[in-house]
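Asker: below are the sequence and a predicted model; questions follow.
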Amino acid sequence: MNQLAAALRELRTTTGLSMAALAAKTPYSKSSWERYLNGRTLPPREAVEELCRLAGEPAGRCLALWELAESEASGRAVPVPVPVAPKAAAASPAPSALSTPSTPSTPSVPPAPSVPSVPEQRGVVALAVLASVCAVAVSAVVLALLLLPGSSGSTPLSPTAVRSTATAASRPGCRGAGCEGRSPLAMRCAARPDTVARHETASGAWVELRHSKVCGTSWARMWGGRIGDRIELAVPGRAGSGHAAEVGNAVEADTYSYTMMAVTVPGTVVRACFQPVGDGKGGTGKRECFDGRVR
């Protein structure tokens, strides 16, 4: 997180924009940018991309740092031992001085981290979560080795190994009907989705309809909301296609809340609805809905 925040501060300096000007040019508030640049809150991926665009810099390095920080913050990163290059052999001693080398013990496998209780994770089966954890862990190690080539004792991976590992880590965990009702994050369908439609609500929260061509699915996501705000996804006319998510804590309010996925094909009309949290007096805010067509 600290490396990402430092990189974002450099980009902000490059733009020459004040916090207020940065907020005016992006969908994120001044207070949100202050938290992102100080490393107190993980910024949305799109905020990193927006800042790179304003600074006229390629987004690759910062997005790699974001992936590492997001893995750590979500608890999906698993510590994996890094191979150590063997030391040069010393001069061979006399035969009588040789000792039988001890067989290294097999390293114990660290326990799987607990799955964060965020709305988009609900309903994901244990096998899918474990598969996602393994993929993210491998991806994080590859990124770390690429970003820190001079780390003491690390053995650089060959280009072929890097490509193979990255391909395996980015492969989606489901396709088509197998994705219905599953998490776009856990199934790795949210890597490079299309934005079908975007809507700014009356309360200042943003809601998007997203679609993955690779997985053949759509879902809704929200950011900038308040604890208790709710989003819903549905395919009009299709029974059982409804999925919902609710902002459950301050971390989710500062980042994203996702619904589960619905299977869609080009031409499908999908609908997202936003229900703001009540005013504390038993009432609720005005419900807002919008449609988008999958391309």
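Answerer: That came through fine.
Asker: mind checking the end-to-end distance for stretch 248-266?
Answerer: From its first residue to its last, stretch 248-266 covers 32 Å (CA to CA, to the nearest Å).
Asker: I should have written stretch 19-36 there, sorry.
Answerer: So stretch 19-36: terminal residues 11 Å apart, CA to CA.
Asker: now the spatially closest residue to Leu65 that is not a sequence neighbour: which helix or strand?
Answerer: Spatial nearest neighbour of Leu65, excluding adjacent residues (CB to CB, 6 or more residues apart in numbering): Leu4 at 4.2 Å. (Each C-beta comes from the backbone N, C-alpha and C, glycine too.) Using DSSP states H and E, Leu4 sits in helix 2-15.
Asker: so what touches that helix?
Answerer: Outside helix 2-15, the residues that touch it by CB atoms under 8 Å, 6 or more residues apart in numbering are 22, 33, 36-39, 42-43, 48, 51-52, 54-57, 61-62, 65-66, 68-69.
Asker: what subset of those residues is buried?
Answerer: Neighbour counting over the contacts of helix 2-15 (16 or more other CB atoms under 10 Å) leaves 22, 33, 36-37, 39, 42-43, 48, 51-52, 54-55, 57, 62, 65-66, 68-69 as the buried ones.
Asker: for the helix holding Leu4, buried residues please.
Answerer: Those would be 3-5, 7-8, 11-12, 15, for helix 2-15 by 16+ other CB under 10 Å.
Asker: show me the two of these that sit farthest apart.
Answerer: Gln3 and Thr15 (19.4 Å; CB to CB).
Asker: sorry, back to before: gap between the residue nearest to Leu65 and Ser31?
Answerer: Distance of Leu4 to Ser31, given as CB to CB, to the nearest Å: 18 Å.
Asker: before we move on, what about Ser212?
Answerer: 32 Å.
Asker: more neighbours, the two?
Answerer: Ser212 (23 against 12; other CB atoms under 10 Å).
Asker: how about the more buried one, phi and psi?
Answerer: phi -110, psi 120 (degrees, to the nearest 10).
Asker: ok, it - contacts?
Answerer: 172, 184, 189-190, 192-194, 218, 261.
Asker: give me the contact list for stretch 237-255.
Answerer: 32, 35, 41-44, 73, 117-120, 181, 219-235, 257-262, 277.
Asker: quick check: mean pLDDT of that stretch?
Answerer: The pLDDT scores in stretch 237-255 average 86.
Asker: looks to me like Ala197 is in a helix.
Answerer: No: checked against DSSP: H, G, I helix; E, B strand; the rest coil, Ala197 lies outside a helix; its state is strand.
Asker: got the domain ranges for the protein?
Answerer: 2-77+119-174, 179-293 (automatic domain parsing).
Asker: much appreciated, bye for now.
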